[in-house]
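Engineer: here is a sequence together with a model predicted from it:
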Amino acid sequence: HAVASQTRAARATREWQQLDAAHHIHPFSDMGSLNKVGSRVITKAEGVYLWDSDGNKIIDGMAGLWCVNVGYGRKDLAEAAYQQILELPYYNTFFKTTHPPVIELSQLLAEVTPAGFEHFFYCNSGSEGNDTVLRVVHQYWASVGKPGKKYVISRKNGYHGSTIAGASLGGMGYMHEQMPSQVSHIVHINQPYWFGEGGDMTPEQFGLQRAQELEAKILELGAENVAAFIGEPFQGAGGVIFPPSTYWPEIQRICRKYDVLLCADEVIGGFGRTGEWFAHQHFGFEPDTMTLAKGLTSGYVPMGAVAINRRIADALIDGGDFNHGLTYSGHPVAAAVAVANIRVLREGGVIDQVKHATGPYFQDTLRQALDGHPLIGEIAGAGLVAGMQLTEDAKTRKRFANGGDIGLQCRDHCFRNNLIMRATGDRMLLSPPLVISKAEIDELVGKAKLCLDLTAKDLGLL
Ligand code: PMP
């Protein structure tokens, strides 16, 4: 181990970058252009901070990829993994076997999820979770004698992962373009993105109208053919888009009316992001399934899960063989880390703190700092997540023709100023670790404002 870390320390940034360029294909990247400039090499992390191979200390405004909810460097999570690896590093749960960590995790999840969620199926990621949702939904309708209910409705600009099913469920056109083979029986309706698509409607009118697209789609397909609707309570990768207050109650009403299952993708929203344990609680609706990942283990090891409400779980349990599973379903090390992680979130009071202290403080501080900023058209968010809309004219909600370029320009300023803030098209996103302190929020918001100011200066607006 000592030798390995000495060799690592001895490597200079340039050497890492050359080796990376020589052998590593990154996700969602244009490798040709990335290799010309070289990647940033992250070497360690603690709390809400990262360090790169040049020794720069960077504040992580995105908690990795929206996942490091308890922050970096938690010894209790490391200890849980270490002990579990020594005791039982792996065993499967396929053939009439189980093990203590997966049992403990399931019991704990039943406690922290809302009433009705008592059963959990495990996988390794959010994408696999949504693949599992499809399997669960189809098995459910088959086992209650309605196998014709096959269509799943999701949204344009929704994100549900990058497996073939995850990406088919997602509504990212640029992903679909590279996928000649897609999963069948998936159709998309429009997203509840008022700033960009609401026209002259009030947010409330627009929220209703976009929800009613679900009803129109169900009627078009025939309710007897529609299995489920799936959506993120707020769209994460799509730009932290918070739907108007009217949206989810109407979606729920429509799902109930036509006996269509309501599936919440809680991969980003789950485990405290909005100040509630799950984001659907923030929006006030009651899903039939929840897809979980990211904050389930705070990203320390990979794990995903699907929470299955009683009605569906009962049918699955009575429905004979369920022909789905992964070698690492309920992996003991991942399960042990998830248990330690959830205990930190609950017993450590982390989610309470987001709800009552740091969440409101972050939302207020961000709004005060950016009030009247020449680039900002709206700030969406709750708890410790926010999306900031870049706009040419806030009053008329006019968007920049080249908004994505301006987002990237702003992100370049973030890079140079040791801030991780994500750009999604013309929205800038923040989603820091849930353990961030008020002083660290001041630093995060201060740096975000600096980078937005620098971008506005580039455009001659400041
Ligand atoms: N669903 C949502 C809402 C997500 O944000 C993501 C990942 N960003 C996924 C699913 C896919 O998760 P994974 O990358 O772990 O497969």
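Structural biologist: In hand now; what should we look at? Residues are numbered from 1 along each chain as shown.
Engineer: when you work out contacts or count neighbours from here on, use the C-alpha atoms and nothing else.
Structural biologist: Fine.
Engineer: give me the residue at the spatial middle of this protein.
Structural biologist: residue 268 (2.5 Å; CA atoms, centre = their mean).
Engineer: burial of residue 357, as a residue count?
Structural biologist: Residues lying near residue 357 (other CA atoms under 10 Å) number 15.
Engineer: how about residue 349?
Structural biologist: 12.
Engineer: cool, residue 70 as well?
Structural biologist: For residue 70, the count of nearby residues is 29 (other CA under 10 Å).
Engineer: I'd say it and residue 342 touch.
Structural biologist: No - under the criterion of CA atoms under 8 Å, residue 70 is not in contact with residue 342, lying 9.2 Å apart.
Engineer: low-confidence regions, the stretch 151-300 of the chain specifically.
Structural biologist: Scanning the stretch 151-300 of the chain for pLDDT under 70 picks out nothing.
Engineer: do a quick rundown of the helices in it.
Structural biologist: Using DSSP state H, counting those that start in this stretch, the helices of the stretch 151-300 of the chain run over 164-169, 173-176, 194-197, 203-221, 247-257, 279-283.
Engineer: tell me what the fifth one is packed against?
Structural biologist: Spelled out, that is helix 247-257. Packing partners of helix 247-257 (3 or more CA pairs under 8 Å, 6 or more residues apart in numbering; DSSP states H and E): helix 203-221, strand 261-265.
Engineer: CA-only coordinates of the shortest one in PDB, if you can.
Structural biologist: Just to be clear, that refers to strand 261-265. Taking Å, rounded to 0.1, in the frame of the first residue of the first chain, the C-alpha atoms of strand 261-265 are listed here in PDB:
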ATOM      1  CA  LEU A 261     -48.700   3.100 -11.800                       C
ATOM      2  CA  LEU A 262     -46.800   6.200 -10.600                       C
ATOM      3  CA  CYS A 263     -43.100   5.700 -10.500                       C
ATOM      4  CA  ALA A 264     -40.900   8.300  -8.900                       C
ATOM      5  CA  ASP A 265     -37.200   8.400  -9.900                       C
END
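Engineer: rewinding a little: and the helices of the stretch 151-300 of the chain, which is most packed in?
Structural biologist: helix 164-169 (a mean of 24; mean count of other CA atoms under 10 Å).
Engineer: now do it: which elements does it pack against?
Structural biologist: Under the contact definition 3+ CA pairs under 8 Å, 6+ apart, helix 164-169 sits against helix 126-143, strand 151-155, helix 173-176, strand 186-189.
Engineer: in JSON lines: the ones you listed, plus distance to the ligand.
Structural biologist: Formatted as JSON lines, those follow (distance: least, CA to the nearest ligand atom, whole Å):
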{"stretch": "helix 126-143", "distance to the ligand": "3"}
{"stretch": "strand 151-155", "distance to the ligand": "12"}
{"stretch": "helix 173-176", "distance to the ligand": "13"}
{"stretch": "strand 186-189", "distance to the ligand": "16"}
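Engineer: residue 133: what's it in contact with?
Structural biologist: The contact partners of residue 133, by CA atoms under 8 Å, 6 or more residues apart in numbering, come to 263, 289, 291, 306.
Engineer: which non-adjacent residue is nearest residue 238?
Structural biologist: Counting by CA to CA, 6 or more residues apart in numbering, residue 238 lies nearest to residue 157, which is 5.4 Å off, once chain neighbours are set aside.
Engineer: for the one you found, what are phi and psi?
Structural biologist: With angles defined as degrees, to the nearest 10, residue 157 sits at phi 60, psi 20.
Engineer: pretty sure it sits against residue 169.
Structural biologist: No - counting by CA under 8 Å, residue 157 sits too far from residue 169 to count as a contact (10.2 Å).
Engineer: check which helix or strand residue 305 maps to.
Structural biologist: strand 304-309 (DSSP states H and E).
Engineer: list the contacts of that strand.
Structural biologist: Residues outside strand 304-309 that contact it (CA under 8 Å, 6+ apart): 116-126, 128-130, 132-133, 287-294, 296.
Engineer: the stretch 351-462 of the chain: helices as residue ranges?
Structural biologist: Assigned by DSSP H, counting those that start in this stretch, the stretch 351-462 of the chain shows helices spanning 359-370, 403-416, 438-458.
Engineer: for these, please prepare CSV with the additional fields distance to the ligand and mean pLDDT.
Structural biologist: Supplementary listing: the helices of the stretch 351-462 of the chain in CSV, determined by distance: least, CA to the nearest ligand atom, whole Å; pLDDT from 0 to 100:
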stretch, distance to the ligand, mean pLDDT
helix 359-370, 20, 98
helix 403-416, 19, 96
helix 438-458, 22, 98
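Engineer: mind putting those helices in a markdown table, mean neighbour count included?
Structural biologist: Compiled in a markdown table, the helices of the stretch 351-462 of the chain are given as follows (neighbours: other CA atoms under 10 Å):
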| stretch | mean neighbour count |
| --- | --- |
| helix 359-370 | 19 |
| helix 403-416 | 19 |
| helix 438-458 | 18 |
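Engineer: tell me which of those helices sits nearest to residue 83.
Structural biologist: helix 438-458 (32.3 Å; CA to CA).
Engineer: surely residue 384 and residue 437 touch.
Structural biologist: No - look at residue 384 against residue 437 with CA under 8 Å: they stay out of range, at 11.3 Å.
Engineer: those two: which has the busier surroundings?
Structural biologist: Legend: neighbour count by other CA under 10 Å for residue 384 and residue 437, higher for residue 384 (27 against 18).
Engineer: tell me how far the nearest residue to residue 279 once chain neighbours are set aside lies from residue 227.
Structural biologist: Distance criterion CA to CA, 6+ apart; nearest residue to residue 279, sequence neighbours excluded, is residue 269 at 4.8 Å. Distance from residue 269 to residue 227, counting by CA to CA, to the nearest Å: 23 Å.
Engineer: check residue 310 too.
Structural biologist: From residue 310 to residue 227 the distance is 17 Å (CA to CA).
Engineer: pick out whichever of those two has more residues nearby.
Structural biologist: Set residue 310 next to residue 227 and count neighbours by other CA under 10 Å: residue 227 wins out with 27 against 16.
Engineer: contact partners for the more buried one?
Structural biologist: Here residue 227 is in contact with 137, 138, 141, 149, 150, 151, 152, 260, 261 (criterion: CA under 8 Å, 6+ apart).
Engineer: in a markdown table: these, plus neighbour count.
Structural biologist: A markdown table is the format used below for the contacts of residue 227 (neighbours: other CA under 10 Å):
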| residue | neighbour count |
| --- | --- |
| 137 | 25 |
| 138 | 20 |
| 141 | 22 |
| 149 | 22 |
| 150 | 20 |
| 151 | 23 |
| 152 | 25 |
| 260 | 24 |
| 261 | 22 |
